[in-house]
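**Q** dropping the sequence and predicted coords here.
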Amino acid sequence: MVKILDTTLREGEQTPGVYFDPHIKLKVVELLDQIGVDIIEIGYPCVSRDIHSAITRIAPMGFTARIGAHSRSLEADVKIALDCNISFLGLFFCVSDERLKQYSKTLAQAVDQIAGVISYARREKPELTIRFTPEDTVRSQWSNVTTVAKEAVRAGADIISIADTTGYMIPGSKRNMYDYVKKIKDNLAAAELFPEIAVHCHNDRGLALANALDGYRGGADIIDASVMGLGERAGIVDLATLLAVLSTDFHLEGKWKLERLPELYQSVSKFSKIPVPDNFPIMGRNVFTHCAGVHSHAVIKNVYHYQSLEPQQFGRTSQICLDHMSGISAVHFLLPQIGETDIESDLERQILETIKAVGQSGRVVDADELKYIVRLLKSERECNHSSQ
């Protein structure tokens, strides 16, 4: 069964301007653990003392998820990470010809360095889960990737992560994640090596989720994600959208406590100072809101006319919106919800006209405002009747 690695607190902190205080990291870790995420990357301990301290304090707190740190393939960096009491270590090193030239290293030298660091981490902490990522995997030379992947596994790596570092892959094209995952699994299996395969997909082309699912279909065991897809540049796979699709479309219902997602997203949004876009899948304010008159009329009778997901499983509810696009059926449906059960049809029309006028100013009428619209129009009508 697929595992989820959340990297909101590591990759997410690579979003410009985003930093989570240690106590906020603890809250996010707690929520992720309650949701059922398998691995949680808390940060990159070499970046700062505060990040190192946060990982060290949180890692031993008894969470079900494996708590991890990120590190370059340098023994000094790995030692710092291991000092944080982690149960998961993510190592990375780019082995493309272009980067090796930049490092002034041969492939053999890079392989020796990577294997040596993995062996060191394994000796120091035998129970540690070790992931190795050939950074920019999918644009690196295939022979370089397979050579280093094999030696990394032989040295003690449990996971090989396929990193689409620049959002380069395109489903259905010659460069697709489905084929890449199958090919690397087959290549390693031919050498009698069977690590777990992870996919880390960036969203530069808007295809991170599609590529991650393509990789899963190809046999990936682990998918990386973050809240709101936070991360470098356009970010990575959004956690809530990934879990929603896996749960509803890949028959993994019940694996995760999806009803905890709203609290997680509210917390990350608040402390990252990045709002969840209104039209964002699953967690956006508008995703289960129906606006246009035709839509509202249909969903009042059967919500699935214009909805293919069950909002309650994500801690959400379906809503009917009142604005300039509304029709009389929406008004008729919502009036009883504010205690108005005896409204004449011509007054309903007046209420709708007022709602449309408000909507044309760029606002939505909520339940509280609707009460006062009704109250004012009813009072006006009573005054007109009494003056006649």
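**A** All right, it came through fine.

**Q** buried stuff in stretch 234-250?
**A** Of all the residues in stretch 234-250, those buried under the rule 16 or more other CB atoms under 10 Å are 235-247. Where you see a C-beta, it was placed from the backbone N, CA and C, and this is true even at glycine.

**Q** likewise for stretch 106-124?
**A** 107, 110-111, 113-115, 117-122.

**Q** follow-up on the earlier one: among the buried residues of stretch 234-250, which lie within helices?
**A** Restricting those to those inside helices, with DSSP state H as the criterion, leaves 239-247.

**Q** of these, which is the nearest to N144?
**A** Nearest to N144 among these: L242, at 29.2 Å, using CB to CB.

**Q** how near is the closest one to L352?
**A** 40 Å (CB to CB, to the nearest Å).

**Q** the residue lying closest to K125 once chain neighbours are set aside: how many residues sit nearby?
**A** In space, and not counting its chain neighbours, K125 is closest to L82: 5.8 Å by CB to CB, 6 or more residues apart in numbering. A total of 18 residues lie near L82 under the criterion other CB atoms under 10 Å.

**Q** enumerate every residue touching L82.
**A** With contacts defined as CB atoms under 8 Å, 6 or more residues apart in numbering, the neighbours of L82 are 89, 121, 124-125, 128.

**Q** ramachandran angles for D164?
**A** Torsion angles at D164 (phi, psi; degrees, to the nearest 10) stand at phi -90, psi 70.

**Q** how much space separates it from K183?
**A** Following CB to CB, the distance that separates D164 from K183 is 14 Å.

**Q** more neighbours: which of the two?
**A** Neighbours were counted for D164 and for K183 using other CB under 10 Å; D164 has more, 27 against 13.

**Q** touching, that one and V181? I think so.
**A** No - counting by CB atoms under 8 Å, D164 stays clear of V181, with 11.1 Å between them.

**Q** which neighbours do these two share?
**A** Shared between the contact lists of D164 and V181 (criterion: CB under 8 Å, 6+ apart) are residues V199.

**Q** quick one: the helices in the stretch 151-300 of the chain?
**A** In the stretch 151-300 of the chain, the helices defined using DSSP state H, counting those that start in this stretch lie at 177-190, 208-217, 239-249, 261-272, 293-301.

**Q** please identify the most buried of those helices.
**A** helix 208-217 (a mean of 24; mean count of other CB atoms under 10 Å).

**Q** as a whole number, average confidence for that one?
**A** For helix 208-217, the mean per-residue pLDDT is 98.

**Q** likewise for stretch 105-112?
**A** The predicted model gives stretch 105-112 an average pLDDT of 98.

**Q** same deal with stretch 91-102?
**A** On average, the pLDDT along stretch 91-102 is 97.

**Q** same question, stretch 116-133
**A** On average, the pLDDT along stretch 116-133 is 98.

**Q** can I get it in CSV? Just the C-alpha atoms.
**A** Extracted C-alpha coordinates of stretch 116-133, given in CSV (Å, rounded to 0.1, in the frame of the first residue of the first chain):
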residue,chain,number,x,y,z
GLY,A,116,30.3,6.0,2.0
VAL,A,117,27.9,8.4,3.6
ILE,A,118,25.0,5.9,3.5
SER,A,119,27.2,3.2,5.0
TYR,A,120,28.2,5.7,7.7
ALA,A,121,24.6,6.5,8.5
ARG,A,122,23.6,2.8,8.6
ARG,A,123,26.5,1.9,10.9
GLU,A,124,25.7,4.8,13.3
LYS,A,125,21.9,4.0,13.4
PRO,A,126,21.0,0.6,12.1
GLU,A,127,17.3,1.1,12.5
LEU,A,128,17.3,4.3,10.5
THR,A,129,15.2,4.5,7.3
ILE,A,130,17.5,6.0,4.6
ARG,A,131,16.3,7.5,1.3
PHE,A,132,18.7,8.5,-1.4
THR,A,133,17.7,10.9,-4.1
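
**Q** what's it in contact with?
**A** Applying CB under 8 Å, 6+ apart, the contact partners of stretch 116-133 are 39, 66, 68, 73-75, 78-79, 82, 86-93, 114, 148-149, 152, 155-161, 163, 198, 200.

**Q** cool, stretch 170-183 as well?
**A** The set of residues that contact stretch 170-183 without belonging to it, under CB under 8 Å, 6+ apart, is 138, 162, 164, 168-169, 197, 199, 201, 205, 207, 210-212, 214-215, 217-220.
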